[in-house]
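> From the sequence below, what's the structure:
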Amino acid sequence: MSTRLPKTTVCPSGPGQLSAGMKRAFDLLAAGTGLVVLSPLLVVLGMAVKFTSPGPIFFRQTRLGRGKQPFMIFKFRSMVVHHSGQHAQVTSSGDARITPIGRLLRWTKLDELPQLLNVLRGEMSLVGPRPEVPKYVAKFPAEFDELLCVRPGITGLASVVYRDEEQVLAQSPEPETAYLEKVLPAKIRLEQTYLRQRSFWFDLGLILRTFGKLVRS
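Residues are numbered from 1 along each chain as shown. A predicted model of the protein is given here:
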């Protein structure tokens, strides 16, 4: 089955999108405020990770950011350490590598909160295409040339639509194959749609939809 998508290399402009400087200022303000307001929760979650399974609090992994520049993404660790970095780099809901507290973190998406640090460091934005690992980007080079003309985001259109991605992959006997042949191409198309529609209000709507799905989870 082909995984190729239509090739595009120009970074499209959305209607009424913020300038790069204004979007960056919004990201800094929101991420800084979020880290301060959520600091008690972050401490509690960090302690829960640390004291329920051996290993570090944070999981770090190389992803590709704007211009395909590599950076280390931060998450709360949700898997046992001796499996980290082994096997496929996609995870289904029944994956035996996931710890009990990790299962809760992944379901609620609270494992993503440390990425506010990536936003402060300038590696990510609050809203944008999700950053992928290098080996998956290499499968769709032209498409990611387009998507990574902007900073990747903590949330985005594909993140909202594929909120239950792990449950979808759990239905396949080959989760990584299903991800590469079905899920990732569909997510790429959604991210391409985001680039053409992005604006301050569209970004704000995606943030609100993300929170709405978290509340209902």
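> buried sites along the strand or helix carrying residue 101?
Assigned by DSSP states H and E, residue 101 belongs to helix 100-108. By neighbour count on 16 or more other CB atoms under 10 Å, the buried set for helix 100-108 is 101, 102, 105, 106, 107. Just so you know, the C-beta spots here come from the backbone N, C-alpha and C atoms, and that holds for glycine as well.
> how far does that helix sit from the chain's center?
Relative to its chain's centre, helix 100-108 lies at 15 Å (CA atoms, centre = their mean, to the nearest Å).
> and what of stretch 25-32?
18 Å.
> Quick check: mean pLDDT of that stretch?
Average pLDDT, stretch 25-32: 96.
> Can you list the buried residues in it?
For stretch 25-32, using 16+ other CB under 10 Å, the buried residues are 26, 27, 30, 31.
> With secondary structure and distance to residue 158 as added columns, please give those residues in CSV.
Shown next, in CSV, are the buried residues of stretch 25-32 (DSSP: H, G, I helix; E, B strand; the rest coil; distance: CB to CB, whole Å):
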residue, secondary structure, distance to residue 158
26, helix, 21
27, helix, 19
30, helix, 20
31, helix, 21
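> Arrange the buried residues of helix 100-108 in JSON lines, one row each, with distance to residue 122 and pLDDT as further columns.
Below are those laid out as JSON lines (distance: CB to CB, whole Å; pLDDT from 0 to 100):
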{"residue": "101", "distance to residue 122": "30", "pLDDT": "94"}
{"residue": "102", "distance to residue 122": "28", "pLDDT": "92"}
{"residue": "105", "distance to residue 122": "25", "pLDDT": "94"}
{"residue": "106", "distance to residue 122": "26", "pLDDT": "91"}
{"residue": "107", "distance to residue 122": "29", "pLDDT": "88"}
